[in-house]
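Asker: need a structure here:
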Amino acid sequence: MLLSRSFSALLATVAVATAAGIDLDARQTDPCALIAPKLPYVLPSEALACMRSFAFNETLRQNILANANGVLNLFTFEPYYLHSPPPFQESTVDIRGELRRMSKQKYKTDYDFSVDLYNVTGLLNDGHTRWFPTCYTGWQNLMPAPIVSLLKDGTENIYIVPDLVELVTLIGPSYLAVLDTLKIDWKRLAGAKVLEINGKPAYDYVDYIAKVVASNYLDHGIRVNSVYSSYRIVGDSWSQRFGSLAGPSLPTLNGLTFKLIVAGSKKPETVFVPYIASFIGNSFTDSASYWEANCAVTDATNGQDLLGAGSTGIRRARPQPLGNIIDQSAVKAVGLPPQYEPTQTPVAAGNSLLFYTLPAPHNTTGVMFVGSFYPADYYGFQAKALEGLQALKAAGVTKLIVDVHNNGGGYVCLGSFLWIALAGTQAGYAGFDSTTRWTPLADEEVKRIIEQDIEFLYYAPNGYAFLNDTLQSNDFDYMEPSTVLNINGQVNKNSNKYHDTCQQYGFDDTLVLPEQPIFPLKDVVVVGNGNCASTCALFTTLLSEKSGVKEYVFGVRPGLTVEYKGMAGNQVLDWPDLATEFKTMKLQDHPLYPEDLLVDGDFRVNWRTAWSYRNGTKPIAYQSDPAIRVPYTPETYNRPQKLWEQVATKFL
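Answerer: Numbers count the residues shown, from 1 in each chain. Reported below is the predicted structural model:
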């Protein structure tokens, strides 16, 4: 049974009263009312007081855990996590055991429970699979001291970013005003060499944050890079990430203690640098309205029956598969200081793509920056990709750098399209063998789709192709017979292997893709920081496994290997997507249907597996592919053009 928004708000109001033991009319004692006029920037302790004002509720705990257990039945990689294979051993989690622990553990507040689940699922290091409680993920901590690993004078060390003043100033006057009240001279920290953080050697603390905070990626080296500040594109604009140390997703800490040497000095000193909590959720005036706006279940939380009485009756178009991570920092992105943007004018730009030629002596080298595979215009991305590549060729470019810094993924078929645009149609199928996890619920879903000849659901058979690339008919039960694997002593059932149908359904048929590579693939390289998620990982894996393209990853730290790709599933489904699939086929009463949520949130899951060409029994997510590691320097960590010029000089 669903709770109405008004009932949810009432529940929250009672919870606040219970937790605070006060009359709610006394607004001066309501922690959410106290911070509402100060938003969007408050002290972390103030933000936590508001979030912890909602008392723990047993009904909500059991509901969320029931949803989590049901969704995890569809998680393709679940058995692998019992003992993640080398070199990904750190990403080992008995997720069902953790859920059992959470079902019995005592919690004081709703926040404590829900964030425990958020953190535990974060330890999977799979950005496709995580619990996102909308009630609490609208906050981010921002510290005026992002860090990066730089090579200076022949040695790598951790530094406060040299462009600190320019970067932090771009956050805006409201943030700076809060910093001023704390009376910290943060500007003098620009370029400081960091010796220790919270009493640990700097690189050791970075490893700690990579292990317990950064999440999203199986590989530890990639998560180390997530800790650092780095450049990216958000939309079509240059941006600079604060990183997981200076910009974590929850305001759980008030600050960090640094032992450092400021630029121009030789004397170590100890400095406490505060965090400021940034709110990116829905506005509120007090605790009751906070819950109503950010926590209460909505019409979109639990999907919909597309054929039900409440539907429009209009069948949706065939859905395009997605593979992406959720990066809350992109919601309120901070720009890259303009003086560090490329000085060259793009020959083409738009839909998360930027194309540049480099200045002499590298004027035969071009750059394609792929900021995301989740653009504003799906087909516009395809047109812009061909336009940009042809513009580079017309400009005399013969060598190409593909930059994928902080690409969070997106539409699966756009990754396939871009690979074909580079490799040519002669390269063949633009994807991987794929499977879906078999469960009785998934099996019944496919059978009902076949019976009713439904074509607009993700489980529909004719959304996929046989391994010879002929389309499956919509009466083909690709779930039977299921393929059985033994993974870490667990029986893991999967569907038959099949192919994606991007070339049949996902490409703009008015565009003419080249038959042969536009640039010789031996003269193409990929650069990034390993934060190349999902569809980005599929794209770079195609370039590596099928096209032999070399991959370079900047950053990390001395002595640590790093993979070139981030988390590589094949497709992710969010809870509303899954609920829509099953409700449309009238399966909400099936014993394995995940319970509808009573609060707003999303338990997303890696829903399909992509299998490696190099080893057909191994998911590409677990196929180790170390990149060639290159240190950042003070000239390259935030200056994309300088980095590209270094690549052109050394690697092309």
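Asker: in the stretch 51-200 of the chain, what residue spans correspond to strands?
Answerer: Listed in chain order, the strands found in the stretch 51-200 of the chain under DSSP state E, counting those that start in this stretch are 130-133, 139-142, 147-152, 155-160, 193-197, 200-201.
Asker: out of the ones you listed, which gets nearest to Ala627?
Answerer: Nearest to Ala627 among the strands of the stretch 51-200 of the chain is strand 147-152 (15.4 Å), distances taken as C-beta to C-beta. Bear in mind the C-beta positions are built from the backbone N, C-alpha and C, glycine included.
Asker: possible to save the strands of the stretch 51-200 of the chain as TSV with distance to Pro248, mean neighbour count and mean pLDDT?
Answerer: Listed next are these as TSV, based on distance: least, C-beta to C-beta, whole Å; neighbours: other C-beta atoms under 10 Å; pLDDT from 0 to 100:
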stretch	distance to Pro248	mean neighbour count	mean pLDDT
strand 130-133	15	23	97
strand 139-142	5	24	96
strand 147-152	13	21	98
strand 155-160	17	20	98
strand 193-197	13	20	99
strand 200-201	17	14	98
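Asker: now those strands as JSON lines including distance to Gln320?
Answerer: As requested, those are exported to JSON lines (distance: least, C-beta to C-beta, whole Å):
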{"stretch": "strand 130-133", "distance to Gln320": "22"}
{"stretch": "strand 139-142", "distance to Gln320": "29"}
{"stretch": "strand 147-152", "distance to Gln320": "36"}
{"stretch": "strand 155-160", "distance to Gln320": "41"}
{"stretch": "strand 193-197", "distance to Gln320": "42"}
{"stretch": "strand 200-201", "distance to Gln320": "45"}
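Asker: out of those, which is closest to Leu336?
Answerer: Each of these was scored for nearness to Leu336 using C-beta to C-beta, and the closest is strand 147-152 (13.5 Å).
Asker: now the angle from the closest one to strand 193-197?
Answerer: Interaxial angle, strand 147-152 versus strand 193-197 (axes from the mean of the first three to the mean of the last three C-alpha atoms, to 10 degrees): 140 degrees.
Asker: contacts for strand 147-152 next, please.
Answerer: Applying C-beta atoms under 8 Å, 6 or more residues apart in numbering, the external contacts of strand 147-152 come out as 156-161, 194, 202-203, 206, 227-230, 243, 245-246, 555-557, 631-634, 637.
Asker: and Ala648, how far from Val549?
Answerer: Between Ala648 and Val549 the computed distance is 15 Å (C-beta to C-beta, to the nearest Å).
Asker: quick one: contacts for Leu195?
Answerer: Under the criterion of C-beta under 8 Å, 6+ apart, the contact list for Leu195 reads Pro201, Ala202, Lys259, Leu260, Ile261, Pro268.
Asker: so what sits opposite the closest residue to Asn494 other than its chain neighbours in the bridge?
Answerer: Distances taken as C-beta to C-beta, 6 or more residues apart in numbering place Thr435 nearest to Asn494, at 4.1 Å, with adjacent residues excluded. On the basis of DSSP bridges, Thr435 is bridged to Thr609.
Asker: and Thr435, what's its pLDDT?
Answerer: pLDDT, the model's per-residue confidence, is 97 for Thr435.
Asker: ditto for Arg318
Answerer: In this model, Arg318 is scored at 72, pLDDT.
Asker: state the helix or strand in which it lies.
Answerer: In the assignment (DSSP states H and E), Arg318 maps to no helix and no strand.
Asker: burial measure for it, as a count.
Answerer: Other residues within reach of Arg318, judged by other C-beta atoms under 10 Å, total 16.
Asker: repeat that for the one 3 residues further on.
Answerer: Per other C-beta under 10 Å, the neighbour tally for Pro321 reads 23.
Asker: who's in contact with it?
Answerer: For Pro321, counting by C-beta under 8 Å, 6+ apart, the contacting residues are Tyr411, Val412, Cys413, Tyr458, Asp500, Asn570, Gln571, Arg608.
Asker: out of those, list just those in strands.
Answerer: The subset of the contacts of Pro321 located in strands under the criterion DSSP state E comprises Tyr411, Gln571, Arg608.
Asker: mind listing the helices for the stretch 151-300 of the chain?
Answerer: Remark: helices assigned in the stretch 151-300 of the chain by DSSP state H, counting those that start in this stretch are 164-169, 173-182, 202-209, 220-227, 243-246, 287-294.
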